[in-house]
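> Quick one: sequence and predicted model below, then my questions.
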There are 6 protein chains.
Amino acid sequence: MYAISLGDDGAELRPLEPWHAEEFLAHLDRGREFINQYVPFGSQVTDLDAAREALKRYAGMRAADTACHHGIWQDGKLVGGVLALNVDAAAGTCEVGCWLEPAATGRGLITRAMRHLIDWAVEERGIHRVEWVAASGNVPSLNVARRLGMTCDGVRREAHLHHGVRHDLQVWSLLAPEWRAARARTAHNDH
Amino acid sequence: MYAISLGDDGAELRPLEPWHAEEFLAHLDRGREFINQYVPFGSQVTDLDAAREALKRYAGMRAADTACHHGIWQDGKLVGGVLALNVDAAAGTCEVGCWLEPAATGRGLITRAMRHLIDWAVEERGIHRVEWVAASGNVPSLNVARRLGMTCDGVRREAHLHHGVRHDLQVWSLLAPEWRAARARTAHNDH
Amino acid sequence: MYAISLGDDGAELRPLEPWHAEEFLAHLDRGREFINQYVPFGSQVTDLDAAREALKRYAGMRAADTACHHGIWQDGKLVGGVLALNVDAAAGTCEVGCWLEPAATGRGLITRAMRHLIDWAVEERGIHRVEWVAASGNVPSLNVARRLGMTCDGVRREAHLHHGVRHDLQVWSLLAPEWRAARARTAHNDH
Amino acid sequence: MYAISLGDDGAELRPLEPWHAEEFLAHLDRGREFINQYVPFGSQVTDLDAAREALKRYAGMRAADTACHHGIWQDGKLVGGVLALNVDAAAGTCEVGCWLEPAATGRGLITRAMRHLIDWAVEERGIHRVEWVAASGNVPSLNVARRLGMTCDGVRREAHLHHGVRHDLQVWSLLAPEWRAARARTAHNDH
Amino acid sequence: MYAISLGDDGAELRPLEPWHAEEFLAHLDRGREFINQYVPFGSQVTDLDAAREALKRYAGMRAADTACHHGIWQDGKLVGGVLALNVDAAAGTCEVGCWLEPAATGRGLITRAMRHLIDWAVEERGIHRVEWVAASGNVPSLNVARRLGMTCDGVRREAHLHHGVRHDLQVWSLLAPEWRAARARTAHNDH
Amino acid sequence: MYAISLGDDGAELRPLEPWHAEEFLAHLDRGREFINQYVPFGSQVTDLDAAREALKRYAGMRAADTACHHGIWQDGKLVGGVLALNVDAAAGTCEVGCWLEPAATGRGLITRAMRHLIDWAVEERGIHRVEWVAASGNVPSLNVARRLGMTCDGVRREAHLHHGVRHDLQVWSLLAPEWRAARARTAHNDH
């Protein structure tokens, strides 16, 4: 029902809901191995029941106002998404994250979608600090953080165990005044 | 974040979420008596905690895929809404309903919003039968059903007790083929 | 422990409880296909655990005062039952329903049992409107509604999907004053 | 709906249900101090909400098949009751208990009601051992155990703290063969 | 982290926690048949998930302050344990129990561990009556009760069904003044 | 029942349990303002029910194996504590924290207690990375991290809102090999 156009190439952002279970499963089936390179997102979702359960779990987080998940549709096909998690509106903090199937990479979809999500967090929800966490080896993810104007706060040494390997986790952040200043600069540059 | 324009007069349809608690309360404070004329919608929502609880309950229904609530914003102010409830996608049935504060009546907001909701139900969710229930004395509500092209299935005699008075409940319905035919006629008439 | 005689032919009405699981399963095994002709009652109850779970679910509804299930025993054998559901004592409304295995049909067991159930609803619980819902093709069920003096309120078109077929649902009702008047006439006719 | 006559004096045994909340409260208001002499039964039930909650809790136990509560009505007034608790049908054990408001004592109501309850436990549910627990000072309760043909198994020293005083608890029991033999003797004596 | 030495032979008492699941399973695998001779303790714990679930259930009881489970480690190997259950601090009552794998019997481990547990119950928690329940044929268990200075309160006839056989259950008890007097005598005898 | 001596000055570490509610409340009453200077620990615990609830919540975390809370008793009086939280044994990570009432500061109690907790985490639970988080202004807390041999991983800018002020949060960590090396050096220095 709802959709936000992400540009002229047919990409759209939409709420990701329990009734998208079939699309979500098909999407993960196409991209599970790639998506799970650094984080276990969707690794358990290997049949329709698990897909529905996962989406219901996300919907429960949205009902509790601690997270929200949005899908990215390219030409009517679900190809990835962005999410806010650990949302604490009273404290003014949240984390944001993303995932993408391999065929949809390289087009800036995440950066475009993330701008809408951060706008919502900062302007509609009053979030002061948006955090981005990525394994030190996850170059594309770190590049998104950089492109969004984030600052690296530090490196949580060997904090993440994935597929039997310990990874450092980089923590990046964006404060509301920084976001607004960056947007003002962008608006200026548009002229 | 998401919004669907309902026309040129600044009216928009948006998902109604737990974090809208303050707006929802203010809206009900303006319209509670009017809205509760025939149904107890929002009658318990008299403080912020109750508003948040009610919206979380709605979000829980959305997570369970049995209902969804959408607000109507007029010039940035929440003035009413439409909802689907008793959604049973497997059986292909749902009920739809609405509410409005008095200052927002008379402009066709409900009919406009309902068209988007029914489109979603029929075309995105595969609902075959959309039901509308209204007290026999609730003329504006019955007029919406009529305007949407619904058929009266019958009258559940004295089925509804509200404010100490027994009301007959009219049951109206719209089947998917009827909706599609009506839309085709409308499209034709547009030319 | 408790039993109400339904006549001189050894038929009795009793509360249907979780500990009847074995009898309930055996009864459904004899009648499942017949009972499920129009509604899915008991379709999942194909082993003892499922029988116990179903009866506990019914008992939970009784504890919440929203439903009660009663078995009909013929010569010590459970052959069917009647139930009240969607009981809303504050609103004065409920629905009633029934089921029967094929060998027990044709003797008026349901009508006899239903009279006790409706008496309880109207006289002990203060129910004002008793509703009966049946698929339009379910002639025996519609005949019971007629025999109990009910009125047809309308037809919810194509409201029920069962075994892949859409059925119209007839809605019948009985109001407390109608029930009392009918009983007074019956008492008169007895003389 | 259901009732078992306890004799010619208008006393009846009936299931005690959540919808009896008003009667249950009125009954406890008449007898709370007397009933609570040795056990805290009903001590918290001092308003209608608490009465409903207590009865729902009992109904939940019945749904779990661990207990059942029955009221004794004298001339249409709820005056006390009997209950089975800690029912373990697989192990063949349960405890039974009772309560009575003062105006209803001295007529053998408990003994009469208990015979039906023990019959149900032994003959319908296959209980092998029925246990009765009473404070050593509770002479009327011990007399009922004696009248029912029970045997004293022992005294749990200072096991019960009530109103600041430690009481010994007598444990009495009745085994299924003993119950059947006693009933056979009674039947014989009737001739 | 925590441990209480039970003597010079390397035996220790420690809290038994969910993260001991592997040790608990290995211990039960060595002693299940022996331990289950009279009670079903650990009979379901036949894989790691079940071991973890059982230990979490115990931890839940400790969180609710109704029970606590302690393991006995002999030379670093879990060989049995003691527990308090049905703890009711307000009423001043609890039950205590124990289990042991066969290789660890005959060394007084249970008696030694139980002294610490009863001390804790009586002196730290204010328990007035400590109860011990054992099948009449369970001679080692009855000997522990005797060694701890307990008194037999009675015999609950045929109260326990285990492996298809009905067992009498002996109920023993120890009152706080008795425990303190016994300890004073022991201290005196030590000189 | 269990206690670990923290030295010759009568300080002990013990499990902090729901039944310590009265001591916990008295302790917080003495130190709440001081303890809450940087974190809201215990701020809600202002009566006995709240104290019991908080301790039950901690016990629930221990049952789920995600946290454990330990009290520090000085001469028999509860004066503070240390805790592990966000324990993820599979991932080999946890966070540790502490609190102290003002009268107990300046004696190294936290550092002494923390050594036992980290030993347990690293050696008994296999934790690879122990994390310490403190507001940048919380000098005593940062000093403990330094004394324990931790490394500062970074500063999460303005991540913590407390009493209306935004604080930077320093993240420190200790890896298992670092802990073992530090302990080896300490052992060497003891000679």
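Perfect, thanks for sending it.

> so who does A:Trp99 touch?
A:31, A:35, A:39, A:41-42, A:80-81 (C-beta atoms under 8 Å, 6 or more residues apart in numbering or on different chains). Quick note: C-beta positions are derived from backbone N, CA and C, even for glycine.

> and it, which of the three is it?
Using DSSP: H, G, I helix; E, B strand; the rest coil, the secondary structure recorded for A:Trp99 is strand.

> mind checking how far whatever residue of chain A ends up closest to chain D is from chain B?
Nearest residue of chain A to chain D, counting by C-beta to the nearest C-beta: A:Gly60, 25.5 Å away. Computed as C-beta to the nearest C-beta, to the nearest Å, the A:Gly60 to chain B distance reads 5 Å.

> so that residue touches B:Ala64, yeah?
No: counting by C-beta atoms under 8 Å, A:Gly60 stays clear of B:Ala64, with 9.3 Å between them.

> what separates A:Arg18 from A:Arg30, distance-wise?
In this structure residue A:18 is Pro, not Arg. Using C-beta to C-beta, to the nearest Å, A:Pro18 is found at 20 Å from A:Arg30.

> for A:His160, same thing?
25 Å.

> residues contacting A:Leu83?
Per C-beta under 8 Å, 6+ apart, neighbours of A:Leu83: A:58, A:67-70, A:96-98, A:117.

> For A:Glu131, give its distance to A:Gly92.
Taking C-beta to C-beta, one finds A:Glu131 at 12 Å from A:Gly92.

> Where does pLDDT dip in chain A?
Segments of chain A classed as low confidence (criterion: pLDDT under 70) are A:190-191.

> residue boundaries of the strands in chain A?
A:4-5, A:11-15, A:68-74, A:77-88, A:93-100, A:129-135, A:151-162, A:165-175 (DSSP state E).

> Is it possible to get TSV of those strands that adds distance to A:Val122?
Converted to TSV, the strands of chain A look like this (distance: least, C-beta to C-beta, whole Å):
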stretch	distance to A:Val122
strand A:4-5	16
strand A:11-15	16
strand A:68-74	14
strand A:77-88	11
strand A:93-100	10
strand A:129-135	7
strand A:151-162	15
strand A:165-175	8
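
> Could you point out which of these sits nearest F:Trp172?
Closest of the strands of chain A to F:Trp172 is strand A:151-162, at 10.1 Å (criterion: C-beta to C-beta).

> then that closest one to PDB, C-alphas only?
Taking Å, rounded to 0.1, in the frame of the first residue of the first chain, the C-alpha atoms of strand A:151-162 are listed here in PDB:
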ATOM      1  CA  THR A 151      32.300   9.200  12.200                       C
ATOM      2  CA  CYS A 152      34.200   6.200  13.500                       C
ATOM      3  CA  ASP A 153      33.800   6.100  17.300                       C
ATOM      4  CA  GLY A 154      36.200   3.100  17.800                       C
ATOM      5  CA  VAL A 155      36.800  -0.600  17.300                       C
ATOM      6  CA  ARG A 156      35.300  -3.200  19.600                       C
ATOM      7  CA  ARG A 157      38.200  -5.700  19.400                       C
ATOM      8  CA  GLU A 158      37.200  -9.300  18.500                       C
ATOM      9  CA  ALA A 159      33.600  -8.600  19.600                       C
ATOM     10  CA  HIS A 160      31.900 -10.600  16.900                       C
ATOM     11  CA  LEU A 161      32.100 -14.400  16.400                       C
ATOM     12  CA  HIS A 162      30.800 -15.400  13.000                       C
END
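
> Relative to B:Ala64, how far out is the residue of chain A found nearest chain C?
Residue of chain A nearest chain C, by C-beta to the nearest C-beta: A:Asp49 (16.5 Å). Distance of A:Asp49 to B:Ala64, given as C-beta to C-beta: 15 Å.

> Could you show which parts of chain A are in contact with chain E?
By C-beta under 8 Å from any C-beta of the partner chain, no part of chain A sits against chain E.

> and the residue of chain A nearest chain F?
For chain A, C-beta to the nearest C-beta, closest residue to chain F: A:Gly154, 1.1 Å.

> which residues touch that residue?
A:170-171, F:152-156, F:171.

> which non-adjacent residue is nearest A:Leu161?
In this structure, A:Leu161 finds its nearest non-sequential neighbour in F:Ala91, 4.7 Å apart by C-beta to C-beta, 6 or more residues apart in numbering or on different chains.
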